[in-house]
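Undergrad: sequence first, then the predicted structure, then my questions.
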Amino acid sequence: MRKILYTTVLIVVVTGILISLFHSKSGNDKTPKSEKSAEISAPRVVYKFDIPVDSFNIEEITIKKNEILSGILLSRGINYNQIDELARRSRPVFNVKKIKAGNSFAFFWTQDSIPAVRHMVYEKNVEEYIIYTFSDSICIAEGKKEVSYEQKEVEGVIESSLWNSLVGLGVSPVLSLEMMDVYQWTIDFAGIQRGDIFQIIYEVKMIDGSAIGISRVLASSFVNSGREHFAFAFEQNNRIEYFDENGQSLRRAFLKAPLDYRRISSKYSNSRFHPILKIYRPHRGIDYAAKAGTEVQTIGDGTVVKIAYDKASGHYIKIKHNGVYTSGYLHLQSRPPLKVGASVKQKDIIGYVGATGYATGPHLDFRIWENGQLVNPQNVESPPVEPVEEQNLSRYDSIISVYKKQLKALIITH
């Protein structure tokens, strides 16, 4: 009997404690049920151009050819005084006379019984826009869309050109221009061959979930004529450059070629049949066939040492780069707009392709002197500049080891 009584008392005590704890917990929560429900079901505010869209009707238009701002605004109830004020206030930010056909306007109409335009947004480009707010006076603000970046990979085998290969793989051919820029000192893309292999890790710029362009090549491998060329993007001294697997810069003292050309019409030779003189004689340069007027760039930093004209070479210019190398550019369209003694930087425009002197058509005869002797420009090994600095090597090695694994994982299946 005593055992039963003890058990009963124990059950009553435990039950009381549990009830007390439950009420205590409930009493501490002071938030009314209605507020809890409101917190859970509160709608998410949607923004467009930093403007909450739920209280507006949005009209989006594309500017037509020869369409002017006043015509667009007058048809939407904005009077001449407002248009004049808008143009004046906008001038320090954006000249409204420069709106472009093909660009867009977005009008935010109030949802009143008589709708009116409260905001107008002009998209200058895919990233930047101008907001015009109509109230007691016109307020103007600049805006920028949020940009994100997405990493992508592509690999393939050259059939005709890198451009065509990328198009065939559904990749923007702009990537081929980026690759040409990366390898401009080490690979002559006009001379790549069928069977060459490329593997590229690159970054795409994204806005509102859509790709708007290629940001940059992050890492790549290009096998040209059996030789593999690596390129890795790396920031050093607040500047992003490309380096090879050993930390040597891909940027060279000299460009691979001084212009964009169609083909090499004549190579360096000790005995070439001259098309005008009709005799065999040495041709100590490279002839690049190109359209008349094509820009000619200096292959490297240097000083102009000669500008002249003669009946064989036509208009030409010579640039001394250092104590070893001098370059020459012959058959230019006209006298180069420089003076002897002028300093030039790599990729400066020094003239234009022509057909002056002994020439059967527009081309550039490009020459290099090494220690005063003419040499084959295609055999000149240009030294790299600014390698990865010693204090940055460990960081560089850790970065490229990741990229190398990614490149190795790209399996050629074509």
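TA: Looks like it came in fine. Residues are numbered from 1 along each chain as shown.

Undergrad: element containing L330?
TA: strand 325-332 (DSSP states H and E).

Undergrad: over to S176?
TA: helix 174-182.

Undergrad: only alpha carbons, please: show that helix as CSV.
TA: Output of helix 174-182 as CSV, limited to C-alpha atoms (Å, rounded to 0.1, in the frame of the first residue of the first chain):
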residue,chain,number,x,y,z
VAL,A,174,35.0,36.8,-78.9
LEU,A,175,37.0,34.2,-76.9
SER,A,176,39.3,33.8,-79.9
LEU,A,177,40.2,37.5,-79.7
GLU,A,178,40.9,37.1,-76.0
MET,A,179,43.2,34.2,-76.8
MET,A,180,45.0,36.1,-79.5
ASP,A,181,45.6,38.9,-77.0
VAL,A,182,46.9,36.5,-74.4
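
Undergrad: got the contact list for the strand holding L330?
TA: 254, 258, 285, 296, 298-300, 302, 305, 313-321, 350-357, 359, 362-370, 380 (C-beta atoms under 8 Å, 6 or more residues apart in numbering). Every C-beta, even on glycine, is put in place using the N, C-alpha and C of the backbone.

Undergrad: one more pass at 7 Å, please.
TA: 258, 296, 299, 305, 313-321, 350-352, 354-357, 359, 363-370 (C-beta atoms under 7 Å, 6 or more residues apart in numbering).

Undergrad: now the strand ranked longest in the chain: buried residues?
TA: Counting residues, the longest strand in the chain under DSSP state E turns out to be strand 210-224. For strand 210-224, a neighbour-count test (16 or more other C-beta atoms under 10 Å) marks I214, S215, V217, L218, A219, S220, S221, F222, V223, N224 as buried.

Undergrad: next, the buried residues of the helix or strand following that strand.
TA: The first helix or strand that comes after strand 210-224 along the chain, using DSSP H and E, is strand 227-236. Burial within strand 227-236, assessed by neighbour count using 16+ other C-beta under 10 Å, is assigned to H229, F230, A231, F232, A233, F234, Q236.

Undergrad: picking that back up, from the contacts of strand 325-332, which land in strands?
TA: Reading strands off those with DSSP E, I get 296, 305, 314-320, 350-352, 363-370.

Undergrad: which residue packs closest to the residue nearest the centre of the chain, ignoring adjacent ones?
TA: Note on the chain: the residue nearest the mean C-alpha position is S215, at 4.2 Å, using C-alpha atoms, centre = their mean. Once flanking residues are discounted, S215 sits nearest to E203: 4.1 Å by C-beta to C-beta, 6 or more residues apart in numbering.

Undergrad: just the buried residues of the helix or strand hosting the one you found, please?
TA: Taking DSSP H and E as the criterion, E203 maps to strand 197-207. Buried residues in strand 197-207, counted by 16+ other C-beta under 10 Å: I197, F198, Q199, I200, I201, Y202, V204, K205, M206.

Undergrad: which residues in the chain form helices?
TA: Taking DSSP state H to define them, one finds helices in the chain at 2-28, 33-41, 69-74, 80-90, 162-168, 174-182, 393-409.

Undergrad: low-confidence regions, the stretch 301-414 of the chain specifically.
TA: Applying pLDDT under 70 to the stretch 301-414 of the chain picks out residues 411-414.
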